[in-house]
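Colleague: from the sequence below, what's the structure:
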Amino acid sequence: MDVKIDSVRTFLVNADEGASAERPRGRNWIFVKIATDTGITGVGEGGGWPEVVQKGIEEVAYFLVGENPFEIERLWLRVYDVLHAHGLTGAVRGGVLSALDMALWDIKGKALGVPVYELLGGKLWNKIPVYGHANTPEQAKELVSRGFRAFKCAPREDVVATLRDAVGPEVEIGVHGHGELSPPAAIELGLACEKYRPAFYEEPTHPDDIEAFVKVAQKVNIPMAMGERLFSKWSFRDWLDRNVVDLIQPEITRVGGILEEKKVAIMAEARSVKVAPHDGSAGPIAEMANIHVMASIPNMRFLEHRAHDVSWRGTVAPGMLPDRDGCIVVPDKPGLGIDVDEAECAKHPPRRVEDYQYRLRTPDQIQHDRA
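Modeller: The predicted structure follows:
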């Protein structure tokens, strides 16, 4: 098919949850829409630092106009090299690549009249189980009443104990360390939590320190999870080669998009490691992209899902699928099956980045925030 990229546009959308003034989320979604000369458009979503990623997308858009959107890997490599030449790495480069990659897959699926998962090898699963977030018995029971069979919580033994007592032995509970524990503290917490049979122990130590994570994994008998702050397949290779990770959690808006997440999943499959993408801070387009990748891989475990979000989540992105009985049904529409409503996006302009996570905090404040 003779088709060319005509334009690349971005949209920053307020993703604030309506949190208190003391703890605002202050995070925005960054959407991209790629138009072609045939009238077909594709949408994607970046992550990392949305405001900076937006600028990055605008800077590389020039390299895409006039190109064939079907040549996804070639265009991915071209943008990767352009950003690398300018010294951009990590979340910024990953965010730019991810947003553009999703949009290109969306275009190709629509042009061929098939869902994206058909282009990734076909559908293995009809629905994807999701897990939520809970730190109190009330929150946990609300999720269970909606059909959730898994959630994760703050890294505290008393929280894990209370939640296990509230939901019983069959519901899976993950423990999220947020990368903020020292190896001795992580080992102490992990050993204390073993009796509650956690489903996974996520990022107990800083993700830049493989050796710290190895120390914990060798001492604690809980499935070990990490990956949301890795930005390439090469980073995942280094972790997987140490044989200490049981569950990888790539963030599709940071790792490079659909193509890279699929490659990472294949690497994990070869090592008998399950995949549970991080999706806690992403928006509806990223979640839909995750659904397509997860539907196409045999080592799918479950998908992180924001069970409660802003009311405009579905209006700015028509086609978003709700959770039902703890799962999201895999869509059958061409492409990703979701769109960006520009008029609705304009109703929710971005707000300043003032999330409590970006503030300078003392160790005591960090512990209080995680409680």
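Colleague: centre of the chain to the lengthiest helix in the chain, how far?
Modeller: As assigned by DSSP state H, the longest helix anywhere in the chain is helix 90-112. Chain-centre distance of helix 90-112: 14 Å, with C-alpha atoms, centre = their mean, to the nearest Å.
Colleague: check stretch 74-81 too.
Modeller: A distance of 21 Å separates the centroid of the chain from that of stretch 74-81, by C-alpha atoms, centre = their mean.
Colleague: buried set for it?
Modeller: Leu75, Trp76, Val79, Tyr80 (16 or more other C-beta atoms under 10 Å). All C-beta atoms are positioned from the backbone trio N, CA, C, and that covers glycine.
Colleague: can I get the CA coordinates of it in CSV?
Modeller: Taking C-alpha atoms only, stretch 74-81 is exported to CSV below (Å, rounded to 0.1, in the frame of the first residue of the first chain):
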residue,chain,number,x,y,z
ARG,A,74,13.2,1.0,10.4
LEU,A,75,11.6,4.1,11.7
TRP,A,76,12.1,3.0,15.3
LEU,A,77,15.8,2.6,14.7
ARG,A,78,16.0,5.9,12.9
VAL,A,79,14.4,7.8,15.8
TYR,A,80,16.5,5.8,18.3
ASP,A,81,19.7,6.8,16.5
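Colleague: doesn't Gly44 lie inside a strand?
Modeller: Yes - remark: Gly44 belongs to a strand, assigned using DSSP: H, G, I helix; E, B strand; the rest coil.
Colleague: for the residue lying closest to it once chain neighbours are set aside, give its distance to Thr36.
Modeller: Leaving aside its chain neighbours, Gly44 sits nearest to Met102 (3.1 Å; criterion: C-beta to C-beta, 6 or more residues apart in numbering). Counting by C-beta to C-beta, to the nearest Å, the gap from Met102 to Thr36 is 15 Å.
Colleague: low-confidence ranges, the stretch 1-150 of the chain, go.
Modeller: The model of the stretch 1-150 of the chain has pLDDT under 70 over residues 17-26, 87.
Colleague: so which residues of it form strands?
Modeller: 5-14, 28-36, 41-46, 127-133, 150-153 (DSSP state E, counting those that start in this stretch).
Colleague: hmm, who's touching the helix or strand following the shortest one?
Modeller: Beyond strand 150-153 on the C-terminal side, the first helix or strand identified by DSSP states H and E is helix 157-167. By C-beta atoms under 8 Å, 6 or more residues apart in numbering, the surrounding residues in contact with helix 157-167 are 134-137, 140-141, 144, 153, 173, 175, 189, 192-193, 196-198, 371.
Colleague: and what of stretch 143-151?
Modeller: By C-beta under 8 Å, 6+ apart, the residues outside stretch 143-151 that reach it are 129-134, 139-140, 167, 170-174, 199, 302, 307, 323-327.
Colleague: of the residues you listed, which belong to helices?
Modeller: Reading helices off the contacts of stretch 143-151 with DSSP H, I get Gln139, Ala140, Val167.
Colleague: just among those, which is most surrounded?
Modeller: Of all the ones in helices among the contacts of stretch 143-151, Ala140 has the most neighbours under the rule other C-beta atoms under 10 Å, reaching 24 neighbours.
Colleague: now for it: which residues touch it?
Modeller: Ala140 touches Ala134, Phe151, Leu163, Ala166, Val167, Val171, counting by C-beta under 8 Å, 6+ apart.
Colleague: again, 6 Å this time
Modeller: The contact partners of Ala140, by C-beta atoms under 6 Å, 6 or more residues apart in numbering, come to Ala134, Leu163, Ala166, Val167.
Colleague: reformat the residues you listed as TSV; add distance to Asp106.
Modeller: Shown next, in TSV, are the contacts of Ala140 (distance: C-beta to C-beta, whole Å):
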residue	distance to Asp106
Ala134	33
Leu163	38
Ala166	41
Val167	37
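Colleague: distance check, the spatially closest residue to Phe231 that is not a sequence neighbour against Gly257.
Modeller: Take Phe231 and drop its neighbours on the chain: the residue closest to it by C-beta to C-beta, 6+ apart is Gly94, 4.3 Å away. To Gly257, Gly94 is 9 Å away according to C-beta to C-beta.
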